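Student: here is a sequence together with a model predicted from it:
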Amino acid sequence: GQVEGTVLRNGRPAVGARLRLVRTDSGERFGVGMPQQRTDQDGKFRFDRVEAGDYALLVHGDGAHARTVVDRSAISVTANATTEAHRDYSTCSVRGTVRATDGALLDGTLYVLPDASETPADVRRYARENPVFRVTVRGGEFATDDVRAGNCLLLFERSGAEPTTWTRTLVVGENRIDLTP
């Protein structure tokens, strides 16, 4: 079969978005043998010669988040037929600071976990199955783009301290967040 469709980001064509199909109804290794595709200037894509079965269509982020899946949808491919898949996801940028209660700027790592409401037991394991955006905090400052908009859990880790979490709603556009663990 074939899979074709469009990808929109914030209502506009996601030009050059990287997509992968991952088989979900077999014991195959994650994404083995399935080529990647990129969207064209209209956000259109096409996968040819796709074996019939169930798949996850993965849309990857840009730049620093190129390995992060920003959108995931389930599709079923039928032999000798075209399956249409149209995705529209929302992203935003996040900038801010992390300060101690005494005002000192803190270094560490900020994880943005879209749609999460509680801290997973193992963030790295959670990230293998869910979108997680990892952001380095240096001199108390952080900035990142192409993060999925919506409700999220922010988790801040730093050496010698327990992780701290906050819940926030990120809106399309720029989000300014100042955090104090």
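Tutor: Yep, that arrived.
Student: surely Arg23 meets Gly53?
Tutor: Yes - counting by CB atoms under 8 Å, Arg23 sits close enough to Gly53 to count as a contact (6.0 Å). The C-beta positions use only the backbone N, C-alpha and C, and glycine is treated the same way.
Student: count the neighbours of Pro114 for me.
Tutor: 19 (other CB atoms under 10 Å).
Student: could you do Thr97 as well?
Tutor: If you count neighbours by other CB under 10 Å, Thr97 ends up with 16.
Student: the helix or strand that it is a member of packs against which elements?
Tutor: Using DSSP states H and E, Thr97 sits in strand 91-98. Identification of packing neighbours for strand 91-98 by 3 or more CB pairs under 8 Å, 6 or more residues apart in numbering; DSSP states H and E yields strand 108-114, strand 141-148, strand 173-179.
Student: for those, which one sits closest to Ser73?
Tutor: If you check each of the helices and strands packed on strand 91-98 against Ser73 by CB to CB, strand 141-148 wins as the nearest, at 13.3 Å.
Student: now for the closest one, which elements pack on it?
Tutor: By 3+ CB pairs under 8 Å, 6+ apart, strand 141-148 packs against strand 69-77, strand 91-98, strand 108-114, strand 133-137.
Student: tell me the buried residues in the strand holding Thr97?
Tutor: For strand 91-98, the neighbour count (16 or more other CB atoms under 10 Å) marks Thr91, Cys92, Ser93, Val94, Gly96, Thr97, Val98 as buried.
Student: Val112: which of those residues is nearest?
Tutor: Lowest distance from Val112 to those (CB to CB) belongs to Val94, with 6.7 Å.
Student: so what's the closest one up against?
Tutor: Residues in contact with Val94 (CB atoms under 8 Å, 6 or more residues apart in numbering) are Val112, Val135, Phe142, Ala143, Thr144, Val147, Leu170, Glu174, Asn175, Ile177.
Student: and what of Arg176?
Tutor: Counting by CB under 8 Å, 6+ apart, Arg176 has contacts Arg95, Gly96.
Student: gap between it and Thr109?
Tutor: 19 Å (CB to CB, to the nearest Å).
Student: what's the answer for Val50, then?
Tutor: Relative to Thr109, and taking CB to CB, Val50 is found at 37 Å.
Student: neighbour count winner among those two?
Tutor: Using other CB under 10 Å, the more surrounded residue of Val50 and Thr109 is Val50, with 21 against 16.
Student: quick one: that one and Arg20 touch, right?
Tutor: No - counting by CB under 8 Å, Val50 sits too far from Arg20 to count as a contact (11.8 Å).
Student: does Pro131 count as helix, strand or coil?
Tutor: Here Pro131 takes the coil state, with states given by DSSP: H, G, I helix; E, B strand; the rest coil.
Student: what is the neighbour count of it?
Tutor: The local packing of Pro131 (other CB under 10 Å) involves 24 other residues.
Student: right, I'll leave it there.
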